[in-house]
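> Sequence plus the predicted model coming up.
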Amino acid sequence: MCRHLGWLGEPVPVSSLVLDPPSGLLVQSYAPRRQKHGLMNADGWGVGFFDNGVARRWRSAAPLWGDTSFASVAPALRSGCIVAAVRSATIGMPIEPSASAPFTDGRWLLSHNGLVDRSVLPLSGRAESTVDSALLAALIFDRGLDALADTTAEVAAADPNARLNILAGNGSQLLATTWGDTLSVLRRDDGVVLASEPYDDDSAWQEVPDRHLVEVDGSRVTLTALKGT
Ligand code: GLN
C-alpha cells in the first residue's frame, strides 16, 4: 500500500508537509509506521498542487529519498491545496512515472492507496497508465467526484478484496475515503491535513474509522459512513 497526504489551508511550502516532518512522506518512503501491506514505498512518488487554480504535478518512478533535485526545489513550491503520495507497487503493476499518483482530469488531483481487480473496472481511454489506480481514477473522474461515495461502494461490491483509500483535492476541497487502510486527520490553525499516517507525534491527530467518506471544506471536516458497512 502506498501512503498519501492532502493539504487544504493557507499556502505552505510543499517541503514543509512532504519532506521536513519527522515521519513525513519522505521518511514513510523507507520507514512507514502504520503500513499494513508492504514494507516500504520505493516504487515512485508524486506531488500535485494547485497554483492559481491550475493543477501541477511532479511524478517519478524512483524512490523519493534519492531525489535531490526535488528536495532543492520543493521549498519554493507553495500551495494551499496539495495531494502527494509515495508508492509501493502492487505485484504485476507497471512501475513508471504515469503510474504514480496523483492522477488528474485537470480539475482534481487524486491518489489511491490500495488495490483493486482491474477486471471489475471499465477500460478507459482517459486512464494515464494500466495500473489499477489509474483505471480507478478514470472511473471516478467519469462518474464525478460528487459520486465518490457511491463509486467506492460499487467497486467494493464488485471486488470484495479491494482496498480503496482514495484522496482527492480540487483547490478548494479535499475528499477522502477509508476502505481497508489507515487515514488520520490533523486540524491545524492554518489548515487541515489528511494523511495515511501521522507525520509527527502531535496528539491532535485523529484516526478516521474504516469505510468512511471525509470531506474537508475550508476548516470544516465532515465524516460520513459509506454504504456497505
Ligand atoms: N495498486 C496501486 C499500485 O500498484 C497502489 C498500491 C499501493 O497502495 N501500495 O500502485
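Good, I have the coordinates.

> To which secondary structure element is the residue nearest to residue 113 when sequence neighbours are not counted assigned?
Spatial nearest neighbour of residue 113, excluding adjacent residues (Cβ to Cβ, 6 or more residues apart in numbering): residue 165 at 4.0 Å. C-beta coordinates here come from the backbone N, C-alpha and C atoms, glycine included. Per DSSP states H and E, residue 165 falls inside strand 163-169.

> Report whether that strand contacts the ligand.
No - using Cβ under 6 Å from any ligand atom, strand 163-169 stays clear of the ligand, with a minimum separation of 7.4 Å.

> Reduced to three states, what does the nearest residue to residue 103 once chain neighbours are set aside come out as?
Leaving out its chain neighbours, the residue that sits closest to residue 103 by Cβ to Cβ, 6+ apart is residue 137, at 3.8 Å. Here residue 137 is recorded as helix under DSSP: H, G, I helix; E, B strand; the rest coil.

> got a list of what residue 137 touches?
Neighbouring residues of residue 137 by Cβ atoms under 8 Å, 6 or more residues apart in numbering: 101, 103, 110, 112, 127-128.

> Throw those into TSV and include neighbour count and pLDDT, thanks.
Listed next are the contacts of residue 137 as TSV, based on neighbours: other Cβ atoms under 10 Å; pLDDT from 0 to 100:
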residue	neighbour count	pLDDT
101	32	98
103	32	98
110	28	98
112	29	98
127	22	97
128	21	97
